[in-house]
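Student: model this:
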Amino acid sequence: MGHVRLGILPASKKWKEIVAYLSAGDVSVDELANKVADACDRSFEKASDDPAFKFTMDLMFMIPLAAQKNDLRSALSEIGISVPDNPSRTDIIGAFAKAVDTQAAQANSDLYPLSKNAGIAVLNEFLSQEPPAPQMDFFAEPKSDVHRNLEKLATPVGFADLTQSYFSSLAKANIRYFMDREMPSHVGEGGSFKSIPDLSVFDRSVDHHCNEASFIMRTFAETWYAKHRYGSDKPVSSKEISSFAHVAVQKMRKEFHIRNQDASV
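Tutor: Next up, the predicted model:
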């Protein structure tokens with residue numbers, strides 16, 4: 001299940017314009033990053049109905065909630081993340097990847113590798129951070145650094161951080177998946193990029209635009225989390241998380257489209 005099944009480089013009008021833009025040489029990397037992000041629109045549109053994407057979003061929501069419990073291993077096991085006692089960062093990331101692999105094997109998912117890799121990147125980012133100071137509790141075992149790093153995401157602000165990072169990572173992976181096929185044809189004498197290191201400028205521009213575009217959903221994510229976690233006695237359902245993810249995807253699509261229009265002015 002390790003292969004990517006998104007198909008060949010798209011032949012849409014937008015992608016043809018990008019190839020022509022690259023072929024013309026002397027490109028603006030900022031404008032190119034905007035154009036490419038907007039051209040990935042169809043792939044983002046499919047995400048809302050993709051089973052692996054929706055399953056990954058479920059886990060992104062439920063893993064921090066599991067970390068609020070004292071027994072992290074048992075709590076993660078209840079949501080399909082099998083880890084040993086006192087799991088390490090690599091234990092959790094590996095178990096997350098395995099859970100998504102299992103889900104993807106049972107469903108027809110085009111975006112599964114990108115969804116999984118974005119989730120891995122996000123978990124690695126937050127689990128590698130300096131943990132919050134431990135809370136003193138004389139009646140429970142002290143929580144590990146990994147445990148506390150996950151637990152801090154179970155707040156409206158923490159969920160906003162997690163959501164922005166996940167969608168930014170997903171956008172970067174989506175863009176690079178398509179552009180990695182086309183870029184080598186435009187490197188060298190007479191090409192848009194004089195050498196392979198020049199491509200790093202484009203990569204940094206992609207990172208910048210994806211990070212900025214994903215910022216648009218922070219207020220939405222924070223407000224949604226507060227309403228659904230604390231405004232109801234019922235646990236948040238997968239259907240509600242899926243609905244949230246759908247709106248978040250639409251916000252990303254709209255933001256990239258606006259940025260591409262602005263860059264063309």
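Student: Contacts for the helix or strand that F96 is a member of next, please.
Tutor: F96 is part of helix 89-105 when elements are defined by DSSP states H and E. Residues outside helix 89-105 that contact it (C-beta atoms under 8 Å, 6 or more residues apart in numbering) are 1, 51-52, 55-56, 59, 63, 76, 80-84, 87, 109, 112, 115-116, 119-120, 123-124, 127-128, 146, 150. Bear in mind the C-beta positions are built from the backbone N, C-alpha and C, glycine included.
Student: For the helix or strand where T219 lies, name the packing helices and strands.
Tutor: Under the criterion of DSSP H and E, T219 resides in helix 218-230. Counting contacts by 3 or more C-beta pairs under 8 Å, 6 or more residues apart in numbering; DSSP states H and E, helix 218-230 packs against helix 156-182, helix 238-264.
Student: hmm, back to that, mind giving me the PyMOL select for the contacts of helix 89-105, buried ones only?
Tutor: Applying 16 or more other C-beta atoms under 10 Å to those leaves a buried subset, and the PyMOL line that selects it is:
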select buried, resi 51+52+55+56+59+63+76+80+81+83+87+109+112+115+116+119+120+123+127+146+150
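Student: Out of the contacts of helix 89-105, which sit inside helices?
Tutor: 51-52, 55-56, 59, 63, 76, 112, 115-116, 119-120, 123-124, 127, 146, 150 (DSSP state H).
Student: Can you pull up the most central residue in this structure?
Tutor: In the chain, the residue lying closest to the centroid (C-alpha atoms, centre = their mean) is Y166, at 2.7 Å.
Student: Skipping its backbone neighbours, what lies nearest it in space?
Tutor: V122 (4.8 Å; C-beta to C-beta, 6 or more residues apart in numbering).
Student: residues contacting T155?
Tutor: Going by C-beta under 8 Å, 6+ apart, the list of residues near T155 reads Y225.
Student: re earlier: give me the distance between the helix holding F96 and the centre of its chain.
Tutor: 15 Å (C-alpha atoms, centre = their mean, to the nearest Å).
Student: What residues sit buried inside it?
Tutor: For helix 89-105, by 16+ other C-beta under 10 Å, it's 89, 91-96, 99-100, 103-104.
Student: Please apply the same query to stretch 248-263.
Tutor: Buried-residue list, stretch 248-263, by 16+ other C-beta under 10 Å: 248-249, 251-253, 255-256, 259-260, 263.
Student: H246 against D50, yeah?
Tutor: No: using C-beta atoms under 8 Å as the test, H246 is too far from D50 to be in contact (10.9 Å).
Student: Neighbour count for these two, which is higher?
Tutor: Per other C-beta atoms under 10 Å, whichever of H246 and D50 has more neighbours is D50, with 22 against 15.
Student: Give me the nearest residue to that one, chain neighbours excluded.
Tutor: In space, D50 is closest to L111, 4.5 Å off (C-beta to C-beta, 6+ apart).
Student: tally of neighbours for the one you found?
Tutor: So L111, with other C-beta under 10 Å, has 26 neighbours.
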